[in-house]
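K.L.:
based on what follows, work out the 3D shape:
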Amino acid sequence: MILPPFKPPKYDELRAWYRRYQSDDVRRLIFEVQAQRYALPKVRAVADACRIDTENDQPQIVRMKKLNQLLRMIDAEISRADKIYRSPPVAHPNAPTLVGRGS
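P.N.:
Predicted coordinates:
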């Protein structure tokens, strides 16, 4: 599914919707939006730590531990959300072709 441009709801709007709509399904969607908003800053913090460790020439084992932590966090969010349906990627017209490279 390709999402059209839209204005995401602000926190106060989500709270108002939670109070207005008693449906479990609507509330579950509100929880999902908020759960993703809680997860993103945590993922960003680990990504920043990975970047800083690289810039500061930390040993590779230190960088790999943080990178693996980041990947586990991303995987946990993806699997918690179940399948993510999206259109197959379309190659950029200027992208190099990998035909004949054994990939």
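K.L.:
correct me, but residue 54 touches residue 62?
P.N.:
No. Between residue 54 and residue 62 there is no contact under Cβ atoms under 8 Å: 9.9 Å. Placement of C-beta: from N, CA and C, glycine included.
K.L.:
and the helices in this structure?
P.N.:
11-20, 24-55, 60-80 (DSSP state H).
K.L.:
mean neighbour count and mean pLDDT for these - can I get that in a markdown table?
P.N.:
Putting the helices of the chain into a markdown table (neighbours: other Cβ atoms under 10 Å; pLDDT from 0 to 100) gives the following:
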| stretch | mean neighbour count | mean pLDDT |
| --- | --- | --- |
| helix 11-20 | 12 | 96 |
| helix 24-55 | 13 | 93 |
| helix 60-80 | 13 | 88 |
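K.L.:
looking at those, spot the one closest to residue 4.
P.N.:
Proximity to residue 4, assessed across those by Cβ to Cβ, is greatest for helix 24-55 (17.1 Å).
K.L.:
can I get the helices of the chain in a markdown table with distance to residue 3?
P.N.:
Below are those laid out as a markdown table (distance: least, Cβ to Cβ, whole Å):
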| stretch | distance to residue 3 |
| --- | --- |
| helix 11-20 | 18 |
| helix 24-55 | 14 |
| helix 60-80 | 17 |
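K.L.:
what number of residues lie near the nearest residue to residue 32 once chain neighbours are set aside?
P.N.:
Counting by Cβ to Cβ, 6 or more residues apart in numbering, residue 32 lies nearest to residue 81, which is 7.6 Å off, once chain neighbours are set aside. Residue 81 is flanked by 11 other residues according to other Cβ atoms under 10 Å.
K.L.:
from residue 24, how far off is residue 81?
P.N.:
18 Å (Cβ to Cβ, to the nearest Å).
K.L.:
any idea of the pLDDT on the residue nearest to residue 32?
P.N.:
pLDDT recorded at residue 81 is 77.
K.L.:
now residue 8
P.N.:
pLDDT at residue 8 comes out at 93.
K.L.:
ok, now residue 58?
P.N.:
pLDDT for residue 58: 87.
K.L.:
measure it to residue 67 for me?
P.N.:
11 Å.
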